[in-house]
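Enquirer: Prediction below, plus the sequence it came from.
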Amino acid sequence: MLVIGSGPAGAAAAFFIPYLSEGRLSVLSLEKLDRNFAKYHRMCGEAVSRAAFDTLAPLEPHAVEFTIRRAVEHWPGDVTIETEAQGYVLDRPRFLTHVMDMARKEGCHTEVGAAVEVGRDENGYMVRTRDGRRFGARILVGADGWNSLVRRTFFPGGPRLLWAEQFVLAERSEEDAMHFFYDERYRGGYRWVFPHRSGSRVGFTRGADERPKCLERHGRPIPYAYGGTVMGNACLIGDAGGQANPITFGGIRIGMMAARMVAESLAKGDLADYARRWPRSPYASPVYIKAFETLQGMDNEELYRSVRPFRDGYGRMAGLRALLNGRRYLGLYRAYDLGAKWGW
């Protein structure tokens, strides 16, 4: 097996394939970034729910910077909703390095090199790196990001892209809370404020707000709404497969769960099992895309109307009010509910 990329999805694949196959499947992980690995992976809110690690065992939260206990939503009409949210803000580069260390202990071999060509040969797949090395494998796992070479070579089309910017600020934010600000100018997205060891991290849809004075600036696309998973003996996971959640913008847990599904399918000797299971999973529900498309067309007045049943908080009575007075927004409510459970 050859896994290209060692972000969240690729690192998880490098670990779970030998772990779940009990060493029967040999794995090579090829990562293009060396010195810039940490810099690239800092472009992330780095939030992962506690529930994620129930499904990613034996992986555990590592390099935890903050423990999250609250999510605070800020909506038009001065509506603020605070809910319990159990999770973590991780140091993503350190977390990924830890997962790769665990992968090596399971027998995964690792190489640093930028793949510039992938193709087929008599043994399966061939990968050529920029420095001229060649690697072969019977099965190819594309975990090589939003502009995936594996996807562009073997799969049709590509994901939609939501471009986001993030800034590290010196101003401190609440260390146990994630703040989300909804407004029509975010075009279906939101502004986020998460804790950071240097103060806070603030992000939003690119161009929606003025860029603040900052310590660091990050920018990258969030790929979503792509249905390709398996083509022959090649498969896509994480950003390569456009698997980010357009409601939560979450991608760490989702990519890692896709990797675990691939590993489970390979351990059974049936890669196509991943193609069957993934679209039916709560991580890939079509309600997310439908809800995001609805949100993109909503102005602040309608955003307020949609959230008005919950202005005093979520709960049984608020749910009843939503059923009675917000039926046109039930698809949104369903997406929010699923996203809170599975989208981060």
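Expert: Alright, I've got the coordinates.

Enquirer: can you pull out the strands in the stretch 151-300 of the chain?
Expert: 160-169, 177-181, 191-196, 199-205, 216-224, 230-231, 234-236 (DSSP state E, counting those that start in this stretch).

Enquirer: out of those, deepest packed?
Expert: strand 234-236 (a mean of 28; mean count of other Cβ atoms under 10 Å). In short, each C-beta sits where N, CA and C put it, glycine included.

Enquirer: other SSEs contacting it?
Expert: Packing partners of strand 234-236 (3 or more Cβ pairs under 8 Å, 6 or more residues apart in numbering; DSSP states H and E): strand 140-142, helix 149-154.

Enquirer: pLDDT of that strand, averaged?
Expert: Strand 234-236 carries an average pLDDT of 98.

Enquirer: before we move on, what about stretch 297-305?
Expert: So the average pLDDT for stretch 297-305 ends up being 96.

Enquirer: Tell me the gap between that stretch and the middle of its chain.
Expert: Mean-position distance between stretch 297-305 and its chain equals 27 Å (Cα atoms, centre = their mean, to the nearest Å).

Enquirer: ok so, going back, need the helices and strands packed on strand 234-236 in JSON lines with distance to Glu73, mean neighbour count and mean pLDDT, can you?
Expert: Compiled in JSON lines, the helices and strands packed on strand 234-236 are given as follows (distance: least, Cβ to Cβ, whole Å; neighbours: other Cβ atoms under 10 Å; pLDDT from 0 to 100):
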{"stretch": "strand 140-142", "distance to Glu73": "35", "mean neighbour count": "30", "mean pLDDT": "98"}
{"stretch": "helix 149-154", "distance to Glu73": "34", "mean neighbour count": "21", "mean pLDDT": "98"}
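
Enquirer: Do you have the helices of this protein handy? List them.
Expert: For the chain, helices defined by DSSP state H occupy the ranges 8-20, 37-41, 52-55, 92-105, 149-154, 252-267, 272-277, 287-296, 300-307, 316-325, 330-342.

Enquirer: Any chance of TSV for those helices, columns distance to Val72?
Expert: Shown next, in TSV, are those (distance: least, Cβ to Cβ, whole Å):
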stretch	distance to Val72
helix 8-20	25
helix 37-41	26
helix 52-55	21
helix 92-105	22
helix 149-154	37
helix 252-267	21
helix 272-277	35
helix 287-296	19
helix 300-307	13
helix 316-325	16
helix 330-342	13
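
Enquirer: who wins for proximity to Tyr182 among those helices?
Expert: Across these, Tyr182 has its closest neighbour in helix 300-307 (5.9 Å, Cβ to Cβ).

Enquirer: That closest one - contacts with which helices or strands?
Expert: Helices and strands touching helix 300-307, by 3+ Cβ pairs under 8 Å, 6+ apart, are strand 64-75, strand 79-90.

Enquirer: switch the cut-off to 10 Å
Expert: In terms of contacts (3 or more Cβ pairs under 10 Å, 6 or more residues apart in numbering; DSSP states H and E), helix 300-307 is packed against strand 64-75, strand 79-90, helix 287-296, helix 316-325, helix 330-342.

Enquirer: rewinding a little: of all the strands of the stretch 151-300 of the chain, which one is nearest Ser285?
Expert: It's strand 216-224; of those, that one is closest to Ser285 (Cβ to Cβ) at 12.1 Å.

Enquirer: Tabulate the helices and strands packed on helix 300-307 in TSV, adding columns for distance to Asn147.
Expert: Shown next, in TSV, are those (distance: least, Cβ to Cβ, whole Å):
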stretch	distance to Asn147
strand 64-75	28
strand 79-90	24
helix 287-296	21
helix 316-325	40
helix 330-342	25
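
Enquirer: re the thing from before, what's the closest of the helices and strands packed on strand 234-236 to Ile254?
Expert: strand 140-142 (15.3 Å).

Enquirer: Brilliant, that's me finished.
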